[in-house]
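> Following is a predicted model, sequence given first.
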Amino acid sequence: MATVNLSQVVKRYGKLEVVHGIDLDIAHEEFVVLVGPSGCGKSTTLRMIAGLEEISGGEIRIGDRMVNELPPRARNVSMVFQNYALYPHMSVRENLGFSLKIAKQPASTIDERVAEAADILGLSDLMDRTPAQLSGGQRQRVAMGRAIVRHPDVFLFDEPLSNLDAKLRVQMRTEIKRLHQKVRTTVVYVTHDQVEAMTLADRIVIMRDGYIEQVGSPLELFERPANTFVAGFIGSPPMNQVRARIAAKDGGPVVSITDSLDLPVPGRLRDQVRADQDVVLGFRAEDLMPEGHELKTDGALMRFKQTVSIAEPLGTETLLFTEFGQQEVLSKMFNPRPVAEGEEIGFALNIDRLHLFDAASGRSLEG
Amino acid sequence: MRPKTRLRRTLVWLGTLFVMAAICLPGAWVVFSAFRPNREILARPAIWWPEQFGLGNFMRMFGIGGEQIAIPVGSYFMNSLIIALTSTFVAVFIGMAGGYAFARFRFRGKNAIFLGLMLSRAVPGIALSLPLFMVWSRLGLIDTPLGLIIVYVAMNVPFTVWLTDGFFRQVPVEMSEAAQIDGCTRWQAFWRVEFPLARAGIASAGIFAFLISWNEYALASVLTRSTDSRTLPVGLMDFSAQFTIDWAGMCAMAVLIIIPALILTFIVQKHLIAGLTFGGVKG
């Protein structure tokens, strides 16, 4: 059983604290992605799990062992680095077998395990090449092969795809997912790319400035972001966010965006708001639907007309830019038709899927 | 276009020839003179192309045949070899450790120490000869190989530290981290991964340190007296007597000094070239 438990883990460089006492429990065989903008402490956290950075406070456990003081070699983890960090003076075969050789495994075991890893990753024809003779994707695969030959308790990935071009990145992403299905092992994966996080993770951990903002499955984070940061980070395009104010009207509270644009507060949030509260209204681009291109929904729709300032055709959908009281918002038009700049279009907004965040704290008003 | 290109090529070749001649002629003259009798070297008007050519000078030096020079070339050679090799080995080892530390670790006063090391190279060695002589004589290190070895190690360490630092910097720190995760101790990670990758730089440092120790004259002339420690470059001066200089013998010995340096350079050459360009990218 290789669970990973972080409790109150702190990292300080001198007086500067970069990770502020985070708690995280990772289950056996779970694929957890740490995601966040650069400098959020995600790589530092990963390196603390690996043993490459000292832990300034708190406790890290792998399985039932406390590993705070253990050197990397004693933790039985393996790691794939952003720049692959293959040993340039060794062949692919030697790279793969290095850890077993260091562990003084018999040659027959090494050959067997190396062949097995090469087979899983399709490296069998490249065994005698040196890293310099490999393409980016092949190097990436060798780096993963080097990680799996050891049968480690935990795989650690540190932005493994960020050195690859866009097309290869998508391809390798799928390979990583397939690899995880084949060799069921606990994975901690660091990336700044929310698409990678969404596609790979069983659970996503969103970090910012050394704090964990939210932990949850990809769909949980997408459907119920805990704050404006998560809302703006997850999803492509990010959630529309519009400053607004709660006003009490006869029919119940409304979200007042401008003098002429009021939206009813969704039923589930009626009890959470108070009059004159400054809020941030959030909604996904796909919930602001151009007339004639609506998705099927049970939600209450509110209809109004808006002028489109920019249209970005993406093929399966077109992104429409419009303004809510001088704040730009995006709408997704599925099965798109050509839209002209400045065209006035009717929109239907799905009221039940509106999100409200407190303007001061940024926290979601969901109970 | 064509005649112009040809003219330019010719000019480039002529220029190259001139520069090469300026560099090589003195050396060639020494080598030629090593095989000619003194009489011919000193002739007026000069005899440009050797008329008598032979191994006489070398035979005299090694005491073969009737004529002999009373200069203990063998002892000098052994002294030079022991002193140069030992000091090179020590300087490279210290340089490797120091260079690794500068490349990998952050510590208090790092930049100041590095700058201090570099500045120590700015002091001309000869300026230290008198104080060095006084200290060494108190310590009983005058005219001992150990005395010279210490001096040469001190001379070479800043250079070897600087050179290996540059090479270790180019080995990504992830190499060592990957090796540690793969099960190495830091020490194993160094010898199995980082050292092989920086080997070119370490070889370069070695050859430079060796050449500097092997050719050094000024301090050796002050700190050595007898066959106990006198090195080949200082030994050259034995050929100058009060009124005469045995140019032929001196040139023959100069050739002897050049040969080991040349052999070593050839052996390490491949590393040296790969090393210098490799190291030169991110100076």
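It's in.
> so where do the helices sit in the chain?
Reading this off chain A. Using DSSP state H, the helices of chain A run over residues A:42-50, A:92-102, A:107-121, A:136-148, A:166-182, A:194-200, A:218-223, A:228-233.
> ah, I was thinking of chain B
Applying DSSP H to chain B gives helices spanning B:2-34, B:38-42, B:56-61, B:73-104, B:110-120, B:129-139, B:145-170, B:173-181, B:186-189, B:195-215, B:218-223, B:232-235, B:247-280.
> To residue A:113, which of those lies closest?
The closest of the helices of chain B to residue A:113 is helix B:173-181. By Cβ to Cβ, the value is 16.7 Å. The way it works is simple: take the backbone N, C-alpha and C, and place the C-beta from them, glycine included.
> contacts for that closest one?
Applying Cβ atoms under 8 Å, 6 or more residues apart in numbering or on different chains, the contact partners of helix B:173-181 are A:50-52, A:71-73, A:77-79, A:81-83, A:85-87, A:98, A:146, B:104, B:186, B:188-190, B:192-194, B:197.
> With mean pLDDT and mean neighbour count as extra columns, can I get the helices of chain B in CSV?
Below are those laid out as CSV (pLDDT from 0 to 100; neighbours: other Cβ atoms under 10 Å in any protein chain shown):
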stretch, mean pLDDT, mean neighbour count
helix B:2-34, 89, 11
helix B:38-42, 82, 15
helix B:56-61, 82, 20
helix B:73-104, 93, 20
helix B:110-120, 89, 12
helix B:129-139, 92, 14
helix B:145-170, 92, 22
helix B:173-181, 92, 23
helix B:186-189, 92, 15
helix B:195-215, 88, 21
helix B:218-223, 90, 20
helix B:232-235, 90, 22
helix B:247-280, 75, 17
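> For residue A:219, find the nearest of those.
helix B:173-181 (33.0 Å).
> now the closest one against helix B:145-170, angle please.
For helix B:173-181 against helix B:145-170, the angle by axes from the mean of the first three to the mean of the last three Cα atoms, to 10 degrees is 100 degrees.
> of the helices of chain A, which approaches chain B most closely?
Across the helices of chain A, chain B has its closest neighbour in helix A:92-102 (3.8 Å, Cβ to the nearest Cβ).
> Check the residue lying closest to residue B:147 once chain neighbours are set aside and give its pLDDT.
Nearest residue to residue B:147 in three dimensions, chain neighbours excluded: residue B:141, at 3.4 Å (Cβ to Cβ, 6 or more residues apart in numbering or on different chains). On pLDDT, residue B:141 comes in at 91.
> wait, what's in contact with residue B:141?
Neighbouring residues of residue B:141 by Cβ under 8 Å, 6+ apart: B:147, B:150, B:223.
> Chain neighbours aside, what residue packs nearest to the most centrally placed residue in chain B?
For chain B, the residue sitting closest to the mean C-alpha position, by Cα atoms, centre = their mean, is residue B:211 at 0.9 Å. Spatial nearest neighbour of residue B:211, chain neighbours left out: residue B:261 (5.9 Å); criterion: Cβ to Cβ, 6+ apart.
> Equivalent analysis for residue A:46, please.
residue A:190 (4.8 Å).
> beta partners of the one you found?
For residue A:190, the beta-bridge partners are residue A:34, residue A:158 (DSSP bridges).
> Tell me the residues of the stretch 151-283 of chain B that contact chain A?
Taking Cβ under 8 Å from any Cβ of the partner chain, the part of the stretch 151-283 of chain B that reaches chain A is made up of B:172, B:174-175, B:177-185, B:188, B:192-193, B:196-197.
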